[in-house]
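**Q** predicted model, plus sequence, below.
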2 protein chains.
Amino acid sequence: MPEQPVRARLVDVAEMAKVSKATVSKVLNGRQDLSVRPETRQRVQEAAAALGYRPHSGARALAGARTHALALLVPALDNPTYVTIARGAYQRARELGYLSLLAEDFDGQEADESFNDLVQEGRVDGLLIASARPGHPLLDALSRTPVPHVFLNRSVEGSGRNVTMDVARSSITALDHLYGLGHRAVGHIAGPPGITPSEDRKKAFLRHAGELGLSASPVASGDFTEDGGVSAALQLLRPADGSTRPPVTALYTSSLAQAMGAMTAVRDLGQRIPEDVSVVGNDDLPVAGHLSPPLTTVAMPLYELGTAAVEALVAAIQGAPVGDVVVPTEPRLVLRGSTAGPGATP
Amino acid sequence: MPEQPVRARLVDVAEMAKVSKATVSKVLNGRQDLSVRPETRQRVQEAAAALGYRPHSGARALAGARTHALALLVPALDNPTYVTIARGAYQRARELGYLSLLAEDFDGQEADESFNDLVQEGRVDGLLIASARPGHPLLDALSRTPVPHVFLNRSVEGSGRNVTMDVARSSITALDHLYGLGHRAVGHIAGPPGITPSEDRKKAFLRHAGELGLSASPVASGDFTEDGGVSAALQLLRPADGSTRPPVTALYTSSLAQAMGAMTAVRDLGQRIPEDVSVVGNDDLPVAGHLSPPLTTVAMPLYELGTAAVEALVAAIQGAPVGDVVVPTEPRLVLRGSTAGPGATP
DNA sequence: CCGCCTGAGGAAACCGGTTGACTGAAACTT
DNA sequence: AAGTTTCAGTCAACCGGTTTCCTCAGGCGG
């Protein structure tokens, strides 16, 4: 017969420590509004530990306290960028006594589902939203049923609760590197219109291209996927009439997947990387080192973005005023084999 | 002042429909132990819809009913294999009235955390475990505090609750393809020892290699990562003393990442793909099409694995006897550019 | 006409915590 | 010595559902 080591409850701890439920609750939650003798406090803590006591999340949530859970909404989990962010969020949440759940929000389609399941059913205390874009159904739901939240990576203008990285700086870093190698005609593969970090990266790219006096700095947009990278790259690399060589000697892409697509496109056009065309990707992830050639990237502080977003959200839940946050860590160039001077010999 | 459109509660619905809480609860949960007039039923349903009523998950959980949530524990989220599985699980869970949460369990390190946060705190009704391996701390926790669960992909011998795919068939599919192209010396890159699907794939590989009478069928193990693929490939490709050519003309890998690593290794040895060495990967995912050359893979029914696991778990939660399940969908070869006959001309 | 059954729904206990109001004893004032 | 604080904790209501046991009204058979 399977023994039933029933979960220890608050009363069990109380009984064992010879105090009341109230005292146990207050001690374990570290509340100040109660004075306890150190020895009592210790008895309670020992009893809780001995019984392996874990408060029932439903009961806590019900009693008006919080669930101590957050949810991170990402647009696509097969984009490892978000996995890194999620790890940072999970870890930091844990340190702050929260559990971070992960939900995929395929560009808005599942937003209402998630919102209902997680917020309306009272499973979480707040949302980390990485899937925002203009007109996203979530924005609507949030205005109808307010719940603590922050936007990360993709910001929402005027929300006053954006947690972002210095994406402008990433364009500058990439461009400076390519310029230093001698490139004077550089193309940029941007993300879909309306997605903030992508727009910002693009603006910074164009501005800095102007500052450096590049002879050409065309931009093409595409999804953050491999396919998006392929088609955008083909636009940028198509030789001008009468020429046989691509109009740019280097590409800087908005995502890692786009960089992979761009590399495919370059090769399909019979060009070599990096001899004919250099490629720099955005976001450094393990795969980058395993492409051929290994991809030079701009490493963004993704993990820190996750931790910073959690910190901001938890502060908001605890009543602090929110505000826009920019993760202080600077983008960093990771030099690999996909970049070289224009016309380099193999 | 921000209006507070307080969540509708059960009583609100009851009031609006002019019935009692009990009736609303029973109607909405579709219980049979109550007879209601169709018109009453309808009034209740309309009221619930009008108020946008969603039951508070904590309250439900407390009241002894279930949380209607499951958790899927995967060993690594940056492995897109698990993302596909997770999507299948999420979708099917939803259809069955459950919410599927996702938790990363870095090969056991976070298992206890997750178990405590999710199971002990009563957040979920059951676990989908994709991160099992011999000696995993979770197995221990499960025996101490029983909770409905199934193992997927990585099975646990003797548990009688394994949901798996026909991995043996995947080896056969890959090998038949390579054999058909003329390969007689094929190497296999397996996963770490002790991980069931990897062991099974390896055994099937060796058995079928024997059946086909291959002249060589060496196996090397490595992590499921790119690096694991590189080092295993280097072992398999090292020319025998006195030879200048690799001892095998094709490689079949246990994961997609390993295949990417293998491709890197092949190139680093100055060999061409597929002219000198063909490569077949396991699991078909979008990236496979964007490598150079595009990777031939054996597509496994990952999504279906997720759905099947959820079905098994939900059945278990509802008291049905569990049992081992093999997803019926067969592995399928996805032909791309990384395979050709041995010694093919470019 | 009375008792019994059945259909439709209601009353209230309960799940496991949290929380603000309250109490008894000891210590301190005046 | 009596009143007032402070300390250390307790009491009991409450959160929002679910579930078991009832009740009530009407129909039916005898």
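**A** Looks like it came in fine. Numbering: from 1, shown residues only, chains lettered A, B, ... in the order given.
**Q** my read: residue A:48 touches residue A:23, true?
**A** No. In this structure residue A:48 lies outside contact range of residue A:23 using Cβ atoms under 8 Å: 11.7 Å. C-beta coordinates here come from the backbone N, C-alpha and C atoms, glycine included.
**Q** for DNA strand C, see how far away the residue lying closest to residue A:177 once chain neighbours are set aside is.
**A** Spatial nearest neighbour of residue A:177, chain neighbours left out: residue A:333 (5.4 Å); criterion: Cβ to Cβ, 6 or more residues apart in numbering or on different chains. Distance from residue A:333 to DNA strand C, counting by Cβ to the nearest atom of the strand, to the nearest Å: 48 Å.
**Q** wait, is residue A:333 part of a strand?
**A** Yes. Judged by DSSP: H, G, I helix; E, B strand; the rest coil, residue A:333 forms part of a strand.
**Q** stretch A:110-122 near chain B anywhere?
**A** Yes. Under the criterion of Cβ under 8 Å from any Cβ of the partner chain, chain B is reached by stretch A:110-122 at A:113, A:116-118, A:120-122.
**Q** just the buried ones from these?
**A** With neighbours counted by 16 or more other Cβ atoms under 10 Å in any protein chain shown, the residues of stretch A:110-122 next to chain B contain buried members at A:117-118, A:120-122.
**Q** let me know the closest of the residues of stretch A:110-122 next to chain B to DNA strand D.
**A** Nearest to DNA strand D among the residues of stretch A:110-122 next to chain B: residue A:122, at 7.6 Å, using Cβ to the nearest atom of the strand.
**Q** who's in contact with the residue lying closest to that closest one once chain neighbours are set aside?
**A** Counting by Cβ to Cβ, 6+ apart, the nearest residue to residue A:122 once its immediate chain neighbours are dropped is residue B:56, at 4.6 Å. Residue B:56 makes contact with A:61-62, A:121-122, B:7, B:9, according to Cβ atoms under 8 Å, 6 or more residues apart in numbering or on different chains.
**Q** so which of those residues sits lowest on pLDDT?
**A** Among those, residue B:7 has the lowest pLDDT, at 81.
**Q** ok, now which ones touch the residue nearest to it when sequence neighbours are not counted?
**A** Leaving aside its chain neighbours, residue B:7 sits nearest to residue A:120 (6.7 Å; criterion: Cβ to Cβ, 6+ apart). Counting by Cβ under 8 Å, 6+ apart, residue A:120 touches A:145, B:7, B:52, B:54.
**Q** next one: residue A:174
**A** A:252, A:280, A:282, A:298, A:333.
**Q** between those, which is closest to DNA strand C?
**A** Closest approach between the contacts of residue A:174 and DNA strand C, by Cβ to the nearest atom of the strand: residue A:282, at 43.1 Å.
**Q** element containing the residue most central in space within chain A?
**A** Nearest to the mean C-alpha position of chain A, by Cα atoms, centre = their mean, lies residue A:85 at 3.9 Å. Here residue A:85 sits within helix A:80-95, counting by DSSP states H and E.
**Q** just to revisit the earlier point, okay if I get the residues of stretch A:110-122 next to chain B as JSON lines plus secondary structure and distance to residue B:263?
**A** As requested, the residues of stretch A:110-122 next to chain B are exported to JSON lines (DSSP: H, G, I helix; E, B strand; the rest coil; distance: Cβ to Cβ, whole Å):
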{"residue": "A:113", "secondary structure": "helix", "distance to residue B:263": "39"}
{"residue": "A:116", "secondary structure": "helix", "distance to residue B:263": "44"}
{"residue": "A:117", "secondary structure": "helix", "distance to residue B:263": "41"}
{"residue": "A:118", "secondary structure": "helix", "distance to residue B:263": "40"}
{"residue": "A:120", "secondary structure": "helix", "distance to residue B:263": "47"}
{"residue": "A:121", "secondary structure": "coil", "distance to residue B:263": "46"}
{"residue": "A:122", "secondary structure": "coil", "distance to residue B:263": "49"}
